[in-house]
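Participant: what shape does this take:
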Amino acid sequence: MFDALSEKLTQSFKKLTNKGVLSESNIASSLKDVKMALLEADVNYRVVNAFLRAVKKRALGSEVKGSLNPGQQFIKIVNDELTVMMGSENHGINQVSGELTIIMMAGLQGSGKTTTAAKLANLLKKDGKTVHLASADIYRPAAIEQLKVLSRELDVPCFDSNPTMKPVDIARDAKKQAEAQLANFLIIDTAGRLQIDDTLMDELKQIKNEVNVHETLFIADAMTGQDAVNVAKTFHDKIEITGFILTKMDGDARGGAALSIRSITGTPVKFVGIGEKIKDLEPFYPDRVASRILGMGDLVGLIEKAQDHFDETKTTKLEEKFRRNTFTLYDFQDQLKQIRKMGSLSDLLGMIPGMGGKIPKNAQVDDGALTKIDAIVSSMTKMEKLDPSIINGSRKSRVAKGSGTEVRDINRLLKQFDQMKKMMKKLTSMGKGKDSMKAMQNMMGASGSHGKQSFFNN
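Facilitator: All right, here's what the predicted structure looks like:
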């Protein structure tokens with residue numbers, strides 16, 4: 001989503017980092033570029049002006065003048081202020097100790113409330129919490145059934161509401177059921193409208209008052225830009241929103257909503273939707289987003305993705321195979337499948353520090369390449385996977401035909417596989433067991449002490 005903004009800021013900073021000393025004139029020139037980039041990204045103009053004032057004040061102060069590298073220090077200031085603009089830190093769900101925590105989802109029709117309710121339930125369930133769902137949307141056809149289908153997919157209880165019931169009654173009865181079953185969370189999906197109206201607001205107020213809602217989350221479509229911010233502010237003024245979830249953050253919108261909404265409303269973005277699947281909801285970390293916008297990557301996020309998708313026992317066995325040089329194409333194929341679960345290659349590359357600005361604008365990171373490799377390996381016999389050295393010309397032709405590829409693709413894969421084995425053997429020889437893993441983490445620039453943060457607060 002932030003690709004265009006990231007590219008423009010990176011170009012501006014390249015000119016600045018070549019300067020030995022920062023002056024008021026070159027700072028002003030860079031701030032002008034930053035301003036245009038933010039406005040083109042659909043960031044609210046009041047937010048942009050406040051941001052520029054904060055950056056200019058710090059940039060012209062002794063903080064930069066005493067720096068050994070003024071250009072890099074200026075980029076750090078921009079990074080810091082971007083983080084502040086988006087809320088400084090992640091704000092998770094505020095779980096009420098010892099009682100049922102009730103979350104109400106609000107927003108306009110089409111923003112993705114129902115799917116997001118299920119995504120949030122999935123996140124909470126992964127953290128070991130018991131979650132109940134309830135649909136109070138009695139207006140949209142099949143809305144109730146949609147949530148029930150999603151709840152069955154997640155294997156979480158869903159209150160058996162129906163369109164003849166009143167929304168406030170659904171919320172009250174769902175609360176009683178969730179309390180009786182000692183659930184930790186109840187997520188209530190509410191009705192949306194094509195536009196804001198008093199009936200919608202009154203309905204939300206009734207539900208809040210009846211069941212004592214602890215979290216009111218506004219679901220905003222990030223693709224709508226400043227419109228999402230304006231609607232969010234109206235909702236906040238009328239029913240007091242406690243947090244935002246931005247959907248469709250994987251799209252090609254300019255990102256203005258994500259950068260503006262915290263400053264305009266004073267309420268944090270708590271989660272972002274990054275895809276259509278149930279698992280595609282992530283906590284929103286302003287510092288990580290700011291770093292990625294400025295091409296600094298998000299190494300902690302990358303490590304967390306790996307922790308979520310890679311089995312620790314398998315990783316230990318894999319390291320031993322590299323050390324003993326017994327790594328096979330079976331293992332290679334298994335690793336590719338796990339990488340594919342982490343997301344698109346372009347997203348993963350963008351999370352590597354220093355890579356963001358080095359990926360050409362029009363470069364196509366081919367996620368289909370992993371599918372092609374999987375097809376090639378799947379077309380090999382058991383013996384060929386265990387010992388690729390036996391794959392001669394005739395075997396390559398057979399594998400190419402079976403996988404719908406060409407012999408040069410087979411040659412390229414085998415060469416890359418051999419190079420990877422040699423490289424990993426060198427890495428694992430740096431130490432044994434945990435020492436080796438620490439060495440690899442240090443090479444990546446990670447300390448190994450980053451614990452995964454929880455997305456709810458006790």
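Participant: E282 looks like it's in a strand, true?
Facilitator: Yes - secondary structure of E282 (DSSP: H, G, I helix; E, B strand; the rest coil): part of a strand.
Participant: how near is it to S151?
Facilitator: In this structure, E282 and S151 are separated by 21 Å, where distance is defined by Cβ to Cβ, to the nearest Å. (C-beta placed from N, C-alpha, C; glycine too.)
Participant: try K422
Facilitator: 49 Å.
Participant: over to R412?
Facilitator: Noted for R412: a distance of 46 Å to S151, by Cβ to Cβ.
Participant: before we move on, what about E276?
Facilitator: 17 Å.
Participant: give me the below-cutoff pLDDT ranges for the stretch 1-150 of the chain.
Facilitator: Using pLDDT under 70 as the threshold, the predicted model of the stretch 1-150 of the chain has low-confidence ranges 1-4, 14-22, 61-72.
Participant: and the chain, what are its domains?
Facilitator: 3-86, 93-296, 300-444 (automatic domain parsing).
Participant: ok, longest helix in this structure?
Facilitator: Using DSSP state H to define each element, the chain has its longest helix at helix 407-428.
Participant: that one: how far from the chain's middle?
Facilitator: Helix 407-428 has its C-alpha centroid displaced from the chain centroid by 31 Å (Cα atoms, centre = their mean, to the nearest Å).
Participant: out of the domains of the chain, deepest packed?
Facilitator: Each of those was given a mean neighbour count from mean count of other Cβ atoms under 10 Å, and the largest, a mean of 20, is that of domain 93-296.
Participant: just the pLDDT for V213.
Facilitator: At V213, the pLDDT value in this model is 94.
Participant: any idea what the residue nearest to the spatial centre of the chain is bridged to?
Facilitator: In the chain, the C-alpha nearest the mean C-alpha coordinate belongs to E282, at 4.7 Å (Cα atoms, centre = their mean). Assessed by DSSP bridges, E282 has beta-bridge partners V272.
Participant: got a list of what it touches?
Facilitator: E282 makes contacts with F271, V272, I274, as judged by Cβ atoms under 8 Å, 6 or more residues apart in numbering.
Participant: just for the stretch 251-400 of the chain, where's the confidence low?
Facilitator: Within the stretch 251-400 of the chain, the set of residues satisfying pLDDT under 70 comprises 251-255, 295-319, 322-323, 339-368.
Participant: all helices of it, in order?
Facilitator: When assigned using DSSP state H, counting those that start in this stretch, the helices of the stretch 251-400 of the chain occupy the ranges 256-265, 286-293, 299-309, 312-324, 329-342, 345-350, 368-378, 382-386, 393-403.
Participant: from the contact counts, what lies against the last one?
Facilitator: Read it as helix 393-403. Helix 393-403 is packed against helix 368-378, helix 407-428, with contacts defined by 3 or more Cβ pairs under 8 Å, 6 or more residues apart in numbering; DSSP states H and E.
Participant: looking at those helices, which is nearest to F185?
Facilitator: Relative to F185, the nearest member of the helices and strands packed on helix 393-403 by Cβ to Cβ is helix 368-378, separated by 35.9 Å.
Participant: I'd say P268 and I241 touch.
Facilitator: No - P268 is not in contact with I241 according to Cβ atoms under 8 Å; the separation is 10.0 Å.
Participant: quick check: the residue of the chain positioned farthest from its centre vs K401, distance?
Facilitator: Of all residues in the chain, S394 sits farthest from the chain's C-alpha centroid, using Cα atoms, centre = their mean; the distance is 45.1 Å. For S394, the distance to K401 equals 11 Å [Cβ to Cβ].
Participant: go on, D169?
Facilitator: Computed as Cβ to Cβ, the D169 to K401 distance reads 64 Å.
Participant: with K76 instead?
Facilitator: When Cβ to Cβ is applied, the distance between K76 and K401 equals 55 Å.
Participant: and the nearest residue to K385 once chain neighbours are set aside, how far from A375?
Facilitator: Excluding the flanking residues, the one nearest K385 by Cβ to Cβ, 6 or more residues apart in numbering is L329, at 4.2 Å. From L329 over to A375 the distance is 13 Å, taken as Cβ to Cβ.
Participant: please apply the same query to V269.
Facilitator: Distance from V269 to A375, by Cβ to Cβ: 40 Å.
Participant: same question for G98.
Facilitator: Applying Cβ to Cβ, one obtains 53 Å for the distance of G98 from A375.
Participant: R408 too?
Facilitator: The value you get for R408 to A375, if Cβ to Cβ is used, is 15 Å.
Participant: again, but for E40
Facilitator: 41 Å.
Participant: also A257?
Facilitator: Applying Cβ to Cβ, one obtains 39 Å for the distance of A257 from A375.
Participant: again, but for D127
Facilitator: Using Cβ to Cβ, one obtains 36 Å as the distance from D127 to A375.
Participant: cool, and Q419?
Facilitator: Look at Q419 and A375: by Cβ to Cβ, they are 21 Å apart.
Participant: my read: D287 touches G87, true?
Facilitator: No - taking Cβ under 8 Å as the definition, D287 is not a contact partner of G87, at 9.5 Å.
Participant: run through who's touching stretch 204-215.
Facilitator: Counting by Cβ under 8 Å, 6+ apart, stretch 204-215 makes contact with 93-94, 96, 101-104, 106, 136, 167-168, 171-172, 175, 188, 190, 216, 238-239, 242-243, all of which sit outside it.
Participant: the stretch 1-150 of the chain: helices as residue ranges?
Facilitator: Using DSSP H, counting those that start in this stretch, helices in the stretch 1-150 of the chain cover 3-17, 24-40, 45-59, 62-65, 70-86, 113-126, 143-154.
Participant: between those helices, which gets nearest to A180?
Facilitator: Closest to A180 of the helices of the stretch 1-150 of the chain is helix 143-154 (Cβ to Cβ; 17.3 Å).
Participant: which strands or helices does the closest one pack on?
Facilitator: Short answer (3+ Cβ pairs under 8 Å, 6+ apart): helix 143-154 packs on helix 113-126, strand 131-135.
Participant: alpha carbons only: can I get that helix in PDB?
Facilitator: As requested, the backbone C-alpha atoms of helix 143-154 are provided in PDB (Å, rounded to 0.1, in the frame of the first residue of the first chain):
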ATOM      1  CA  ALA A 143     -25.300 -11.700   7.200                       C
ATOM      2  CA  ILE A 144     -26.200 -13.900  10.100                       C
ATOM      3  CA  GLU A 145     -25.600 -17.100   8.200                       C
ATOM      4  CA  GLN A 146     -22.200 -15.800   6.900                       C
ATOM      5  CA  LEU A 147     -21.000 -15.300  10.500                       C
ATOM      6  CA  LYS A 148     -22.300 -18.800  11.500                       C
ATOM      7  CA  VAL A 149     -20.400 -20.300   8.600                       C
ATOM      8  CA  LEU A 150     -17.200 -18.500   9.600                       C
ATOM      9  CA  SER A 151     -17.600 -19.600  13.200                       C
ATOM     10  CA  ARG A 152     -17.900 -23.200  12.200                       C
ATOM     11  CA  GLU A 153     -14.700 -22.800  10.100                       C
ATOM     12  CA  LEU A 154     -13.000 -21.500  13.200                       C
END
